[in-house]
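Participant: What follows is a predicted structure for the sequence shown.
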Amino acid sequence: MKVLIIGSGGREHALAWKVSKSPKVSKVLAIPGNPGIGRLGECINIPITDIKKIADFAESENIDLTIVGPEAPLVAGIVDEFEKRGLKIFGPSKEAARLEGSKVFSKEMMKEFGVPTADFKVFDNPDEAKEYIKEKGAPIVVKADGLAAGKGVTVAQTVEEAIEAIDRIMVNKIFGEAGNRVVVEECLKGEEASYLVISDGERYIPLAPAQDHKAVFDKDKGPNTGGMGAYSPAPVLSPEIEKEVQKKVIEPMIKGMKERGTPFKGILYAGIMITDDGIKTLEFNVRFGDPEAQVILRRLKNDFVDICFDTINGTLPENLNWDERTAICVVLASKGYPGKYEKGKEITGIDEAEKIDDVVVFHAGTAIKDGKLVTNGGRVLNVTAMGKDVKEAIKNVYNAVDKIHFDGMHFRKDIGAKALKRIKE
């Protein structure tokens, strides 16, 4: 069986790694892939939003299954194009992917289906948005409606900061058309967690809970990033909270999407804030989180290819099998990320790191230049490790990190600390 992975980051390397372990798979291909994926299979350089060209390639190569990593091709309608041609693909339709593609649509669906979320108002006029902000005061959250590569949300601590965000998004159009509308919503306080399920449009099975670390510096300081590390399981999601998320968030959304004629198939990812007033939904994503995928897939014992086909065919199993151990991921980033950073720094030590038991290094922003592996992005590598508990997993992952080097390498030194604290409490 030939399996095609769409995307080029650490999440996609983790998907390729997991798929390559299936006895059913004879060849792994990726569009466009990265040097890490290239060690597992073949990388093809086609833009990920050139949907027709990707579908032509899948047809000509007799691809048996396509798995989409990032949100952009899903929002652009890659699943609809593949299904029209009778090609098997794992992911939601264009209409269902609007849950991530449009913050306005997502909030409206939450309201319609009774999913708990922050109070909000939608604006297409910057002056009206600013007046509302002045009236409400700070802290307050401003979100660009469309896709903004994870950078479209501003948690403003002052009214001035919120007004600046409106100017950046709606007036200066730093995200282009994605900033035609904004959502302005109340600022929630609490601890954030990621809850992911796989849905076949009618039923769902939960994935192992994970916790992401968005801020670039230790102790959650500094600007938000695409994610600086993750671990699974996540003690913040107790069995009681997990049941509450399923009942109040996941089930109403899957039922509501089906009833409106746009069933959700694929990964439904709810960003949850656990507040003193109960759980609230921050947002929905329509694909694996990155770096949550890296720890979830390390713990998953099932054949992921089987799960993909079960999702497509509407035959999901009752549950999945999980490694009881803890998985942890530390992101190695370029100096300056999430702002400006340099590329082309030589990377050494990956082979040494992977000699440590249960360590796998996923490539996120790497390239081959003059025969050497070099940095080619803000998030460069995802170092993952397993351990019998959180403490051992932390020790293993940072031992591996110590073996790797590139100029300006930056990483958080406290990934997993929140879990340790909760266990001690």
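Facilitator: Happy to help now that I have it.
Participant: Give me the residues contacting the helix or strand I296 falls within.
Facilitator: Assigned by DSSP states H and E, I296 belongs to helix 292-299. With C-beta atoms under 8 Å, 6 or more residues apart in numbering as the contact definition, helix 292-299 has outside contacts at 10-11, 14-15, 17-18, 194, 196, 207-208, 210, 212, 227, 230-233, 269, 288, 304, 322-323, 325, 327-329, 360, 362, 382, 384, 386. Backbone N, C-alpha and C define where each C-beta goes, glycine included.
Participant: per-residue pLDDT, the closest residue to A400 other than its chain neighbours?
Facilitator: Closest residue to A400 apart from its sequence neighbours, by C-beta to C-beta, 6 or more residues apart in numbering: A353 at 4.0 Å. In the predicted model, A353 carries a pLDDT score of 98.
Participant: next one: K424
Facilitator: 67.
Participant: so how far is the first residue of stretch 238-254 from its last?
Facilitator: Stretch 238-254 has an end-to-end distance of 22 Å (C-alpha to C-alpha, to the nearest Å).
Participant: Buried residues, that stretch. List them.
Facilitator: Neighbour counts over stretch 238-254 (16 or more other C-beta atoms under 10 Å) mark 241-242, 244-246, 248-250, 252-254 as buried.
Participant: and if you look at stretch 17-29?
Facilitator: Counting neighbours by 16+ other C-beta under 10 Å, stretch 17-29 gives 17-20, 22, 25, 28-29 as buried.
Participant: Then stretch 404-419?
Facilitator: Buried residues in stretch 404-419 (16+ other C-beta under 10 Å): 404, 406, 409-412, 414-419.
Participant: ok so, going back, which of the contacts of helix 292-299 fall in helices?
Facilitator: Secondary structure from DSSP state H places 10-11, 14-15, 17-18, 304 of those in helices.
Participant: The stretch 51-200 of the chain: strands as residue ranges?
Facilitator: With strands called from DSSP state E, counting those that start in this stretch, the stretch 51-200 of the chain shows them at 65-68, 89-90, 120-123, 140-144, 153-156, 182-186, 191-200.
Participant: need the ones you listed in TSV with distance to L40, can you?
Facilitator: Below are these laid out as TSV (distance: least, C-beta to C-beta, whole Å):
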stretch	distance to L40
strand 65-68	13
strand 89-90	18
strand 120-123	43
strand 140-144	35
strand 153-156	34
strand 182-186	39
strand 191-200	23
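Participant: Tell me, please, where in the stretch 251-400 of the chain the pLDDT is lower than the cut-off.
Facilitator: For the stretch 251-400 of the chain, no stretch has pLDDT under 70.
Participant: which residues in it form helices?
Facilitator: Assigned by DSSP state H, counting those that start in this stretch, the helices in the stretch 251-400 of the chain fall at 251-259, 292-299, 304-313, 350-353, 390-401.
Participant: now the next helix-or-strand element following the longest one against strand 191-200, angle please.
Facilitator: When you say that, I think you mean helix 390-401. Heading C-terminal from helix 390-401, the first helix or strand you meet, by DSSP H and E, is helix 417-424. Interaxial angle, helix 417-424 versus strand 191-200 (axes from the mean of the first three to the mean of the last three C-alpha atoms, to 10 degrees): 100 degrees.
Participant: got the contact list for helix 417-424?
Facilitator: Under C-beta under 8 Å, 6+ apart, the answer for helix 417-424 is 191, 211, 231, 234-236, 326, 390-391, 394.
Participant: again, 7 Å this time
Facilitator: 211, 231, 234-236, 390-391 (C-beta atoms under 7 Å, 6 or more residues apart in numbering).
Participant: biggest separation within those residues, which pair?
Facilitator: Maximum pairwise distance among these (C-beta to C-beta): 17.1 Å, between V236 and K391.
Participant: With neighbour numbers in mind, choose between the two.
Facilitator: V236 (17 against 14; other C-beta atoms under 10 Å).
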